[in-house]
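A.B. asks: Predicted model, plus sequence, below.
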Amino acid sequence: MPSWQASVLNTILSYVARPSISRGKAKVPLAQVRKKLLDLDKRWLPWPDKLVSATIPLQHSSLLHYVLLNQQTRLGNLFYIRGGGFCFKTPHAHARLIADISQRCKLDAYIPDYRLAPEHPFPAPFDDVLEAYKRLIALKGAENVILMGDSAGGNLALSLLLELKRLALPLPTACILLSPALDLALTGDTELILAADDPFFTIEALLRLRGAYLAGADPMSAKVSPLQGDLADLPPILVIAGTRELLLQDSERLVAQVKASGGEITGCFYPNMPHVFPLFNLLPEALEVRSKISHFVLSHLIR
């Protein structure tokens, strides 16, 4: 039975988050929505205590390094790819989640601050993430790197895995995906997509963000729709999603395809939970998931 906090959050999202991208003919420009989200993120969500950030310049973007000052033992590094529909970012909201995961798992964190669509469509975000990962392993080595991403960041994370495999570069130790968007080709069951009672996304919003990112690119490419790629020989994966998500099929199909290819994957699907619900500290379900993530990560780190 979902918590009362989840019911309240779903109602708030339905009235606040969902209409911000889908407003009929009077659509707010994505750049304006981005600015509004950044303002709200900074105003209402305080930066985590004792989390400091440094910036490592890249060719077109940057790699952020988050360190918890009160954490003395470090077992490895978290490479976290933030979501935001390829068009937005919420640094404070994500920093709170990343700080919690870093503390639970005793990890430093590296976050690619990739360029955003529509100003910088595919392949810019993908290229920035790949460059950032290469920089991380050049700086810190490839041992005990944990890859994690949510929503569009989950898309970029799985696409990154496939590209690292293709290039014969070191793969991370394990991967966690939260509500990943894995099929921009929209090859799933259309009836299920249209019937989803998602408090966060509408199909119109999904198509708008998808169009801004693709900008004419082939949606069947594994670099934008990693479900179309070869999912064999990947590191262990934990995928988490809510059952009210428009994108639920993406996670379900990933679990089925990885298992069919002989890979190690665990799917956890939480009833009545919205998109990327582990971001919300107020949810008991979010804290439960973070504990599950910690157990998964610590069980795969080399000590």
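C.D. replies: Structure received.

A.B. asks: Could you check how far the residue nearest to residue 226 when sequence neighbours are not counted is from residue 253?
C.D. replies: Nearest non-adjacent residue to residue 226, counting by C-beta to C-beta, 6 or more residues apart in numbering: residue 158, 4.0 Å away. The C-beta positions use only the backbone N, C-alpha and C, and glycine is treated the same way. The gap separating residue 158 from residue 253 is 12 Å, by C-beta to C-beta, to the nearest Å.

A.B. asks: intersection of neighbour lists for the two?
C.D. replies: Each of residue 182 lies in contact with both residue 158 and residue 253 under the rule C-beta atoms under 8 Å, 6 or more residues apart in numbering.

A.B. asks: which one of these two has more residues nearby?
C.D. replies: More crowded of residue 158 and residue 253, by other C-beta atoms under 10 Å: residue 158, with 30 against 16.

A.B. asks: The more buried one falls within a helix, correct?
C.D. replies: Yes. Applying DSSP: H, G, I helix; E, B strand; the rest coil, one finds residue 158 inside a helix.

A.B. asks: Could you shift the numbering so residue one becomes 28, and keep it that way?
C.D. replies: Okay, using 28 as the starting number, the last item reads as residue 185.

A.B. asks: so who does it touch?
C.D. replies: 176, 202, 204, 207, 209, 253, 281.

A.B. asks: mind listing the helices for the chain?
C.D. replies: Assigned by DSSP state H, the chain shows helices spanning 31-42, 44-48, 57-71, 118-132, 151-167, 179-194, 217-222, 230-241, 275-287, 311-327.

A.B. asks: Wait, residue 236 touches residue 112, no?
C.D. replies: Yes. In this structure, residue 236 is within contact of residue 112 by C-beta atoms under 8 Å, at 3.9 Å.

A.B. asks: coming back round to it: quick check: the residue nearest to residue 253 vs residue 299, distance?
C.D. replies: Counting by C-beta to C-beta, the gap from residue 185 to residue 299 is 25 Å.

A.B. asks: can you check residue 59 too?
C.D. replies: Residue 59 sits 31 Å away from residue 299, going by C-beta to C-beta.

A.B. asks: Between the two, tell me which one has more neighbours.
C.D. replies: Each of residue 59 and residue 299 has its neighbours counted (other C-beta under 10 Å); residue 299 has more, 17 against 11.

A.B. asks: For stretch 321-330, what is the distance to the chain centroid?
C.D. replies: Put simply, stretch 321-330 sits 20 Å off its chain's centre (C-alpha atoms, centre = their mean, to the nearest Å).
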